[in-house]
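**Student:** Return atomic coordinates for the entry below.
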Amino acid sequence: MATRDTPFGAYNFIVDLNDGTDTTQTIGGFSDVSGLNTEITMMDYRVGNAKENHVIKCAGLNKHGEVTFKRGMVGARNFWDWIKATRTSPNQRRTLTITLLDEQRNPVMSWQLKGAQPSKYSPPVLAAKGGSDVAMEELVVVVEGFELV
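**Tutor:** Numbering: from 1, shown residues only. Below you'll find the predicted structure:
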């Protein structure tokens with residue numbers, strides 16, 4: 001990938017779900033993907049015979065944030081089907097890939113979420129007040145790790 005002087009826009013991206021059948025499917029047009037992060041916990045350590053009286057920092061466990069996917073309700077049941085399957089069989093881990101696209105819709109970079117499992121599903125808020133609001137559904141997943149691929 002060639003570098004460029006201007007940053008890429010955050011509005012062109014796709015999300016793919018590996019459903020365990022060695023096939024990848026795009027699971028809808030999303031308005032938001034948030035919470036993708038990783039954190040390394042630092043540990044304090046001091047050698048008993050150190051000449052200076054201070055600790056050094058050592059890398060410890062790493063953890064990953066909960067990732068939230070929001071999309072307009074289009075009648076697809078894949079979010080709900082995944083939640084339902086996880087209720088009855090806890091080993092429903094998937095690999096999700098989020099791919100950032102450039103203005104010509106060419107892939108720029110991808111984040112591969114490993115061991116993703118759904119933890120929360122929220123259907124749209126329904127209100128009869130009228131207006132032009134879009135019915136949005138939300139899926140929150142926990143991940144065991146992610147890689148920049």
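**Student:** worst-scoring helix or strand of this structure, pLDDT-wise?
**Tutor:** strand 24-26 (a mean of 57; mean pLDDT, DSSP states H and E).
**Student:** where along the protein do the helices fall?
**Tutor:** For the chain, helices defined by DSSP state H occupy the ranges 78-88.
**Student:** the strands in it, which residues?
**Tutor:** Applying DSSP state E to the chain gives strands spanning 13-18, 24-26, 30-34, 38-45, 56-64, 67-72, 94-101, 107-122, 136-142, 145-148.
**Student:** Now find how far off-centre the last one is within its chain.
**Tutor:** Taking CA atoms, centre = their mean, to the nearest Å, one finds strand 145-148 lying 10 Å from the centre of the chain it belongs to.
**Student:** Over to the fifth one?
**Tutor:** Remark: strand 56-64 is offset 21 Å from the chain centroid, using CA atoms, centre = their mean.
**Student:** Can you list the neighbours in contact with that strand?
**Tutor:** 37-47, 142-146 (CB atoms under 8 Å, 6 or more residues apart in numbering). (Glycine included, C-beta is placed from N, CA and C.)
**Student:** Residue 13: how many residues sit nearby?
**Tutor:** 19 (other CB atoms under 10 Å).
**Student:** Just give the closest residue to it, not the sequence neighbours.
**Tutor:** residue 100 (5.2 Å; CB to CB, 6 or more residues apart in numbering).
**Student:** any idea how far residue 39 is from the one you found?
**Tutor:** 21 Å (CB to CB, to the nearest Å).
**Student:** out of those two, which sits in the more crowded spot?
**Tutor:** residue 100 (16 against 10).
**Student:** Contacts only, for residue 65.
**Tutor:** Counted by CB under 8 Å, 6+ apart, residue 65 has contacts 35-39.
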